[in-house]
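Peer 1: structure for this input, please:
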Amino acid sequence: MDDIELLKNKALDLFRLSNKYKIFKFSRFYNEQEVYTLDNLFKSKGFNNYIFFGGYKNASRKILGIFDNLSGISYKDFPIVPISFSFSRNFNLTHRDFLGSLTSLRIERNLIGDILEDENKFICFLSSGISDFCINNLLKISNKKAKLYICEKKYIDFFHEHKFEKNIYIISSLRIDCIIASILKISRSNSLISIKSGTILVNYKRVCDHNYNITIGDIITIKKFGKFIYQDTVTLTKKGKIKLILHKYI
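Peer 2: Alright, predicted model coming up:
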């Protein structure tokens, strides 16, 4: 059994337990690709008694919550605790520093949600089962003394909302190789190299076929460069070119 099938089977087991005992069931944190895969699976089966939530709107890493059709669930029910970090002064810390410090305490990655940064302010979303342990034992981040405390929701909503930059590209087709060449400002042949190297994802899945055509709503990820949402095709130019609107996460 491969990893994807194992992922699906474990999630379906949660549904069976929730339906059998009429109780809420929650998963670990899933990454974006796992959320996309499971959401499509549940929709194909006609499930509607579930929510993905990561502690704030537009989170990347999320927990699956399953509930009885007759009861319903709210975001407050999710076993997620937002932890804020404060330091005596500004340090040049990164996402990797925080993740490394957490995993050094032998905390599994699937118990850690998003780690947000904004002007040297940091918030980390943790599974509620490990939040107290982290507050009491995580004393330093990359050898920098830190104070941890639970963060209020109002601050989280203000702290992090996705911002987008609108980009317009003139392309000859909606094939992925054309789009990558336009975004990166490289030749078509070099875009093929990028695709074959496995650095291009569409809806969090690796794309290896350069003839793949994107559709509105697709999320294009270029590793070490950025993530884009295909928003719209505006119009055709007189020469038959396509005006493509992509929103880039910033």
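Peer 1: and the end-to-end length of stretch 99-112?
Peer 2: 8 Å (CA to CA, to the nearest Å).
Peer 1: now what about that stretch, what contacts it?
Peer 2: Applying CB atoms under 8 Å, 6 or more residues apart in numbering, the contact partners of stretch 99-112 are 28-30, 61, 115, 124-127, 129-130, 133-134, 137-138, 140-142. No exception for glycine: its C-beta is placed from N, CA and C like everyone else's.
Peer 1: got it, and stretch 204-216?
Peer 2: 31-33, 36, 173-177, 179, 191-192, 195-196, 198, 200-202, 219-221, 230-233.
Peer 1: what residues of the helix or strand where residue 20 lies count as buried?
Peer 2: Using DSSP states H and E, residue 20 sits within helix 3-21. Residues 7, 8, 11, 14, 15, 18 are the ones in helix 3-21 that count as buried (16 or more other CB atoms under 10 Å).
Peer 1: just to revisit the earlier point, list only buried entries from the contacts of stretch 204-216.
Peer 2: Of the contacts of stretch 204-216, these count as buried by 16+ other CB under 10 Å: 32-33, 36, 174-177, 179, 191-192, 195, 200-202, 219-221, 230-231.
Peer 1: so which residues of this structure form helices?
Peer 2: 3-21, 32-44, 95-103, 128-137, 153-159, 176-184, 188-196 (DSSP state H).
Peer 1: and the first one with helix 32-44, angle?
Peer 2: Helix 3-21 and helix 32-44 meet at an angle of 50 degrees, taking axes from the mean of the first three to the mean of the last three CA atoms, to 10 degrees as the criterion.
Peer 1: list the residues that contact the residue nearest the centre of the chain.
Peer 2: With distances taken as CA atoms, centre = their mean, residue 60 lies nearest the centre of the chain, 2.1 Å away. Contacts for residue 60 (CB under 8 Å, 6+ apart) come out as 31, 32, 54, 114.
Peer 1: pull up the per-residue confidence for the second one.
Peer 2: Reported pLDDT at residue 32 in the predicted model: 91.
Peer 1: I'd assumed residue 61 was in contact with it.
Peer 2: Yes - in this structure, residue 32 is within contact of residue 61 by CB atoms under 8 Å, at 7.5 Å.
Peer 1: so where is this structure shaky, pLDDT-wise?
Peer 2: 1, 69-70, 118-120, 153-162, 235, 237 (pLDDT under 70).
Peer 1: show me the domain layout of the chain.
Peer 2: 3-76, 80-159, 164-249 (automatic domain parsing).
Peer 1: just the contacts of residue 60 now: which is nearest residue 166?
Peer 2: residue 32 (21.9 Å; CB to CB).
Peer 1: any idea how far the closest one is from residue 230?
Peer 2: 16 Å (CB to CB, to the nearest Å).
Peer 1: disregarding residues adjacent in the polypeptide, which is nearest to residue 176?
Peer 2: residue 212 (4.5 Å; CB to CB, 6 or more residues apart in numbering).
Peer 1: run a quick neighbour tally on that neighbour.
Peer 2: Neighbourhood size, residue 212 [other CB atoms under 10 Å]: 16.
Peer 1: re the thing from before, dump the contacts of residue 60 to CSV, plus distance to residue 45.
Peer 2: Formatted as CSV, the contacts of residue 60 follow (distance: CB to CB, whole Å):
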residue, distance to residue 45
31, 21
32, 21
54, 23
114, 28
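Peer 1: between those, which is closest to residue 67?
Peer 2: residue 54 (17.1 Å).
Peer 1: dig out what the spatially closest residue to that closest one that is not a sequence neighbour forms beta bridges with.
Peer 2: Using CB to CB, 6+ apart and skipping residues adjacent in sequence, the residue nearest residue 54 is residue 62, 4.0 Å away. For residue 62, the beta-bridge partners under DSSP bridges are residue 30.
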